[in-house]
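Student: Just to be clear, the model below is a prediction. Sequence and coordinates:
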Amino acid sequence: METASKDLIIEKTANSKIAQVDFDNLPFGKVYSDHMLVCEYKNGAWQTPKIQPFGPLSLDPTAKVFHYGQSIFEGMKAYKDENGKVFLFRPEENYKRFNISSERLAMPAVPEEVFMNGLNELLKLDSDWIPTTPGSSMYIRPFGFASGSGLHASPADEYTFAIVLAPSGSYFAGKVKVKIEERYSRSANGGVGFAKAGGNYAGQFYPTQLAVDEGYQQVIWTDDTSHEYIEEAGAMNVFVRINDTLLTCPTSDRILDGITRKSILDIAKAEGIATEVRKISVKEIIEAAENGSLKEMFGAGTAAVVSPINAFGFRGTDYDLPELNDSYANRLKKRMTDIQYNKSEDPFGWRVEV
Ligand code: PLP
Ligand code: COI
């Protein structure tokens, strides 16, 4: 056991698993590096964070996370360039959003030092695990949950913050066919839709499974009151191109303020692409699909990167989107990933070396 600084304990594993990993065929989020960061909150204060061998956490059966779902997470990636340098993409945005989620779930804010220093040290320790095969990266999952126990339906008095690392390939295997959902809702005004709360995802599984059974990969959620306007997909924000204009809906109480979404908007503007952030009705999309002005739809998110949507379904009818040689999705994805993998200049100042 060693102490990297007075604020972080490092306990290295004696049994690295790295030799067992096929880095050329990585799934998404199923292989984990040798170490993880864990920091506990008790007696009203965050304790000394610790990097320790990846492994199970022990919890009381009445830990409030099990009963009342006080649980949040983030999704980030680390990228390794040709020279072995490692970069994060806008990590301060994830840190800020983590604590926006904490506040909404009545959890204590995680100090920046615990999050950022812990993440950097963890990535340095497990840097051999960061994959370099094209399209792969180190998916980073910071998460926090109520580890304090008790059956009273009130916030816990103890919490755990942890970070695990998953060297990963693509989130989606191919193009994506989505269902525009109008019966179920992901979130509601005044709810927790804007937070990365575990329960937001649990609530999506059943309606998404119904869509999967019908042959779709993801659901596009519509607003919970009228179901007339599209909002976002299960794990990504959504962009629509009508003629040459790139549209995405505004964020709200109900929608995750995606870091990829705002980056794509900034890159599109810098590229001279006309963008509009406004409500987009299902009716408008269907009319545009029917009259040929709907050129593209794509999802954007850390895990999904930029994922072209090749068809959408609404009320049992499927609408195919054209194959474009000069798609905005490909162009914007390349601009963004070139910045992420240190293959181009970074005029926005988003890349942060580890
Ligand atoms: N929307 C939802 C529901 C998500 O889970 C994600 C993934 O994080 C996104 C959007 C995209 O957000 P970001 O680009 O910050 O990863
Ligand atoms: C991410 O893109 O990082 C996400 O959090 C999506 C996730 C549900 C896989």
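Tutor: Nice, thanks for sending it over. Numbering: from 1, shown residues only. Ligands and ions are numbered 1, 2, ... in the order given.
Student: Under a three-state scheme, what state does the spatially closest residue to Pro167 that is not a sequence neighbour occupy?
Tutor: Excluding the flanking residues, the one nearest Pro167 by Cβ to Cβ, 6 or more residues apart in numbering is Pro131, at 4.6 Å. Heads up, the C-betas are built off the backbone N, CA and C, glycines and all. Assigned with DSSP: H, G, I helix; E, B strand; the rest coil, Pro131 falls in the coil class.
Student: what's whatever residue of the stretch 151-300 of the chain ends up closest to ligand 2 in contact with, if anything?
Tutor: Closest approach between the stretch 151-300 of the chain and ligand 2, counting by Cβ to the nearest ligand atom: Ala235, at 3.7 Å. Shown in contact with Ala235 (Cβ atoms under 8 Å, 6 or more residues apart in numbering): 171, 218, 299, 301, 303-304.
Student: can you check Glu323 too?
Tutor: Contacts for Glu323 (Cβ under 8 Å, 6+ apart) come out as Asn310.
Student: Roughly how far does it sit from Lys175?
Tutor: Separation of Glu323 from Lys175 (Cβ to Cβ, to the nearest Å): 9 Å.
Student: Spell out which parts of the protein neighbour ligand 1.
Tutor: Residues of the chain found near ligand 1 (Cβ under 6 Å from any ligand atom) are 75, 232, 235-237, 256, 258-261, 301-302.
Student: Please render those residues as a markdown table that adds secondary structure to the earlier fields.
Tutor: Shown next, in a markdown table, are those (three-state DSSP):
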| residue | secondary structure |
| --- | --- |
| Gly75 | coil |
| Glu232 | strand |
| Ala235 | coil |
| Met236 | coil |
| Asn237 | strand |
| Leu256 | coil |
| Gly258 | coil |
| Ile259 | helix |
| Thr260 | helix |
| Arg261 | helix |
| Gly301 | strand |
| Thr302 | coil |
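Student: Ile230 should be in a strand, yeah?
Tutor: Yes. Under three-state DSSP, Ile230 sits within a strand.
Student: ok, and does stretch 136-146 reach over to ligand 2?
Tutor: No. Stretch 136-146 stays clear of ligand 2 (Cβ under 6 Å from any ligand atom), getting no nearer than 7.1 Å.
Student: coming back round to it: adding pLDDT as columns, could you present the residues of the chain next to ligand 1 in TSV?
Tutor: Shown next, in TSV, are the residues of the chain next to ligand 1 (pLDDT from 0 to 100):
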residue	pLDDT
Gly75	98
Glu232	97
Ala235	93
Met236	96
Asn237	98
Leu256	98
Gly258	98
Ile259	98
Thr260	98
Arg261	98
Gly301	97
Thr302	98
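Student: re earlier: taking the contacts of Ala235 one by one, which sit in strands?
Tutor: 218, 299, 301 (DSSP state E).
Student: Not counting sequence-adjacent ones, nearest residue to the last one?
Tutor: Excluding the flanking residues, the one nearest Gly301 by Cβ to Cβ, 6+ apart is Met236, at 3.6 Å.
Student: Quick check, that neighbour in contact with Ala300.
Tutor: Yes. Using Cβ atoms under 8 Å, Met236 is in contact with Ala300, at 5.6 Å.
Student: for the longest helix belonging to the chain, packing partners?
Tutor: Longest helix in the chain, counting residues (DSSP state H): helix 198-213. With contacts taken as 3 or more Cβ pairs under 8 Å, 6 or more residues apart in numbering; DSSP states H and E, helix 198-213 sits against strand 71-73, strand 218-222.
Student: got the CA coordinates for that helix in PDB?
Tutor: Extracted C-alpha coordinates of helix 198-213, given in PDB (Å, rounded to 0.1, in the frame of the first residue of the first chain):
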ATOM      1  CA  GLY A 198     -29.900   5.200 -12.400                       C
ATOM      2  CA  GLY A 199     -33.700   5.100 -12.100                       C
ATOM      3  CA  ASN A 200     -34.100   7.000 -15.400                       C
ATOM      4  CA  TYR A 201     -32.500   4.000 -17.100                       C
ATOM      5  CA  ALA A 202     -34.500   1.400 -15.200                       C
ATOM      6  CA  GLY A 203     -37.700   3.100 -16.200                       C
ATOM      7  CA  GLN A 204     -36.700   2.900 -19.900                       C
ATOM      8  CA  PHE A 205     -36.000  -0.800 -19.900                       C
ATOM      9  CA  TYR A 206     -39.500  -2.100 -20.200                       C
ATOM     10  CA  PRO A 207     -40.700   0.200 -23.000                       C
ATOM     11  CA  THR A 208     -37.400  -0.200 -24.800                       C
ATOM     12  CA  GLN A 209     -37.700  -4.000 -24.600                       C
ATOM     13  CA  LEU A 210     -41.100  -3.700 -26.200                       C
ATOM     14  CA  ALA A 211     -39.500  -1.600 -29.000                       C
ATOM     15  CA  VAL A 212     -36.600  -4.200 -29.300                       C
ATOM     16  CA  ASP A 213     -39.200  -6.900 -29.700                       C
END
